[in-house]
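Student: Here is the input, now give the coordinates:
(one chain, ligands or ions: 2)
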Amino acid sequence: MSPGEMFTHFGSAIGGLAVIWAMFQQYIPLQLREHVERYTHKLVNFVNPYIQIVFPEFAGEKLKSSEAYTAIQNYLMENATAGAKRLRADSIKDSSQPLILSMDDHEEVTDVFKGVKVWWSSNKTTPKNMSFSFFPKTEERRFYKLTFHRQHRELITQSYVKHILTEGKAIAVKNRQRKLYTNNPSGKWSHVIFEHPATFETLAMEPTKKQEIMNDLIKFSKGKEYYNKIGKAWKRGYLLYGPPGTGKSTMIAAMANFLNYDVYDLELTAVKDNTELRKLLIETSGKSIIVIEDIDCSLDLTGQRKKEEEEDDDGKEKDNPMKKMEKEEKKGSKVTLSGLLNFIDGIWSACGGERVIIFTTNHVDKLDPALIRRGRMDKHIEMSYCSFEAFKVLARNYLDIEDHPLLPTISRLFDETKMTPADVAENLMPKSDNEDAETGLRNLIEALKEAKELEARNKAEEEKRGKAEKEEQEKKEHGDEEEVKESGASDKEVKENGVINGGVAAKEVKENGFAA
Ligand SMILES: Nc1ncnc2c1ncn2[C@@H]1O[C@H](COP(=O)(O)OP(=O)(O)OP(=O)(O)O)[C@@H](O)[C@H]1O
Ligand SMILES: [Mg+2]
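Tutor: Ligands and ions are numbered 1, 2, ... in the order given. Here you go, the predicted model:
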């Protein structure tokens with residue numbers, strides 16, 4: 001029992017006396033009665049050196065728990081419930097969710113702040129005039145009570161309470177269930193709980209490169225003041241590019257888990273036009289990652305400008321409504337490159353809150369340079385084939401292997417051939433329950449050897465094809481030369497003939513002339 005409570009009980013005892021007092025009071029003059037009551041109250045307050053603050057669950061807004069109450073609940077859950085003997089397990093929806101514990105009613109815990117001890121208790125009051133209700137719970141009023149010695153009044157009311165509220169809110173952010181939003185054809189976001197297990201720890205990538213990305217994200221997420229100072233919207237763009245199965249989508253999930261952000265997976269082909277795009281983007285919340293996967297396939301963004309020019313060129317087709325409609329249909333979505341770029345260029349600076357924008361593509365060379373120039377996409381990250389360093393992460397995750405006699409062989413094979421992390425992971429995955437780690441490694445070695453052979457075969461075939469083409473070309477060129485040669489000879493003949501003939505003729509003429 002907290003000292004405050006003790007005094008409360010002391011107060012109740014006095015209250016008991018007051019009841020007896022009330023029985024007699026009708027015989028006592030009113031003035032004297034008031035006098036006695038005032039002094040008992042004063043006496044209790046004078047003897048009780050403890051102060052109590054009450055934080056009710058519903059303050060002001062009726063339907064939403066007060067921010068302070070929720071923050072205190074979170075804080076106590078993480079920091080102080082160890083001392084509580086009776087806990088309440090609330091909001092268990094399914095077995096995969098972590099157990100959320102809070103103090104049971106009338107339970108009490110202590111907390112220490114800068115060497116000062118305070119007491120917290122969880123309480124509820126039931127209104128005296130209990131009316132019949134189908135929802136009896138709503139009649140209860142819960143509250144937290146904080147008790148501390150009056151000599152620490154300043155410290156507690158000014159620093160401790162503030163500390164609790166900020167800590168509690170931070171815990172809420174950390175524990176909140178994050179969401180994965182996707183846009184549907186009716187132009188709205190719908191969401192599910194985001195529960196992707198990928199983390200930077202499980203992501204196969206060179207450690208230095210990985211660390212660099214993590215540092216970049218940390219700097220960004222803590223950069224509120226910096227972005228304010230330079231007058232830029234608080235956002236950062238990443239372009240992830242590389243062949244399929246190199247971990248682009250996995251990287252996005254790892255980033256979201258690392259930053260504790262929501263994810264908005266924007267399917268551009270489902271967006272009707274620029275107006276809808278703007279609406280969708282404005283509806284995104286702060287602390288979120290906006291993803292446009294396969295940006296080169298989502299829209300004909302790269303060719304948009306060219307197409308418009310083409311359309312302008314052939315005026316005839318433009319006048320034909322059927323042709324025009326066909327074209328519109330083919331075009332499908334009318335989201336334009338310039339529309340998209342406008343939004344990326346900080347139109348949401350007014351919306352506040354930090355946002356990360358990620359584009360992914362398999363063909364970085366196909367993208368319009370305007371889309372990926374620095375400043376729009378701040379960081380270009382290449383996701384490439386699995387290196388030995390990256391493989392070690394997978395070996396640790398999939399097989400719990402740090403070291404193994406087969407690793408040097410694998411290292412050599414990785415130098416000689418290319419394989420995506422997705423394929424490596426697939427090979428390491430046990431095919432049956434009783435498969436051991438070594439089998440996994442052997443499977444991978446086999447697959448790497450096969451990949452190497454295939455590569456060699458493809459290369460040989462390509463060379464052969466190249467050679468054949470070269471020969472064909474040479475043959476063609478040779479053929480031309482022959483022809484040239486042949487036609488050259490006839491020219492010569494003509495020439496020679498001409499000369500001969502001419503010579504003859506001249507001779508003849510001469511001769512004739514002479515003759516003449
Ligand atoms: N770098 C990686 N680290 C760990 N796992 C990976 C990595 N790359 C791929 N994987 C594994 O392969 C699967 C496919 O990878 P992912 O979907 O991230 O590839 P992607 O690059 O997005 O491919 P696509 O271009 O086809 O979208 C993942 O589920 C993951 O298990
Ligand atoms: Mg992907």
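Student: Now the element after the helix or strand hosting Gln211, going C-ward?
Tutor: When secondary structure is defined using DSSP states H and E, the element that contains Gln211 is helix 207-221. From helix 207-221 onward toward the C-terminus, using DSSP H and E, the following helix or strand is helix 224-230.
Student: residues near the closest residue to Asp262 other than its chain neighbours, how many?
Tutor: In space, not counting the residues next to it along the chain, Asp262 is nearest to Ser288; the distance is 4.4 Å by Cβ to Cβ, 6 or more residues apart in numbering. (Glycine included, C-beta is placed from N, CA and C.) Ser288: 21 surrounding residues under other Cβ atoms under 10 Å.
Student: just the helices in the stretch 151-300 of the chain please.
Tutor: Taking DSSP state H, counting those that start in this stretch as the criterion, the stretch 151-300 of the chain contains helices spanning 153-154, 161-175, 207-221, 224-230, 248-259, 274-282, 295-298.
Student: Need those in TSV (columns: distance to ligand 1).
Tutor: Putting those into TSV (distance: least, Cβ to the nearest ligand atom, whole Å) gives the following:
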stretch	distance to ligand 1
helix 153-154	53
helix 161-175	24
helix 207-221	9
helix 224-230	29
helix 248-259	3
helix 274-282	22
helix 295-298	10
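Student: And those: which comes nearest Leu341?
Tutor: helix 274-282 (10.7 Å; Cβ to Cβ).
Student: and the closest one, what's its mean pLDDT?
Tutor: Average pLDDT, helix 274-282: 88.
Student: For this protein, which residues are neighbours of ligand 1?
Tutor: Proximity of the chain to ligand 1 is assessed by Cβ under 6 Å from any ligand atom, with 203-205, 244-250, 362, 383, 421-422, 425 identified as the residues in range.
Student: Now list the buried members of the residues you listed.
Tutor: 203-205, 245-250, 362, 383, 421-422, 425 (16 or more other Cβ atoms under 10 Å).
Student: Now the residue in the stretch 101-250 of the chain that ligand 1 sits nearest to: phi and psi?
Tutor: Each residue of the stretch 101-250 of the chain has a distance to ligand 1, by Cβ to the nearest ligand atom, and the smallest belongs to Gly247, at 2.7 Å. Dihedral angles of Gly247 (phi, psi; degrees, to the nearest 10) stand at phi 100, psi 20.
Student: Spit out the contact partners of Ala451.
Tutor: With contacts taken as Cβ atoms under 8 Å, 6 or more residues apart in numbering, Ala451 has the following neighbours: Thr417, Lys418, Met419, Asp423.
Student: ok, it to Cys386 distance?
Tutor: Taken as Cβ to Cβ, to the nearest Å, the spacing of Ala451 relative to Cys386 amounts to 11 Å.
Student: who touches both of those two?
Tutor: Among the neighbours of Ala451, those also in contact with Cys386 (Cβ under 8 Å, 6+ apart) are Met419, Asp423.
Student: still on that earlier bit, can you convert the contacts of Ala451 into a markdown table and add a column each for neighbour count and pLDDT?
Tutor: Output for those, formatted as a markdown table (neighbours: other Cβ atoms under 10 Å; pLDDT from 0 to 100):
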| residue | neighbour count | pLDDT |
| --- | --- | --- |
| Thr417 | 18 | 92 |
| Lys418 | 15 | 91 |
| Met419 | 22 | 94 |
| Asp423 | 18 | 94 |
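Student: Up against ligand 2, what does the chain have?
Tutor: Proximity of the chain to ligand 2 (Cβ under 5 Å from the ion) is limited to residues Lys248, Ser249.
Student: For the chain, which residues score under the pLDDT cut-off?
Tutor: Within the chain, the stretches with pLDDT under 70 are 1-26, 60-65, 80-103, 127-139, 299-333, 346-352, 374, 480-516.
Student: Spit out the contact partners of the residue of it found nearest ligand 2.
Tutor: The shortest separation between the chain and ligand 2 is 3.3 Å, found at Ser249 (distances taken as Cβ to the ion). Contact analysis of Ser249 by Cβ under 8 Å, 6+ apart lists Glu293, Thr360.
Student: State the distance from it to Leu203.
Tutor: Counting by Cβ to Cβ, the gap from Ser249 to Leu203 is 11 Å.
Student: With Ile295 instead?
Tutor: Taking Cβ to Cβ as the measure, Ile295 falls 21 Å from Leu203.
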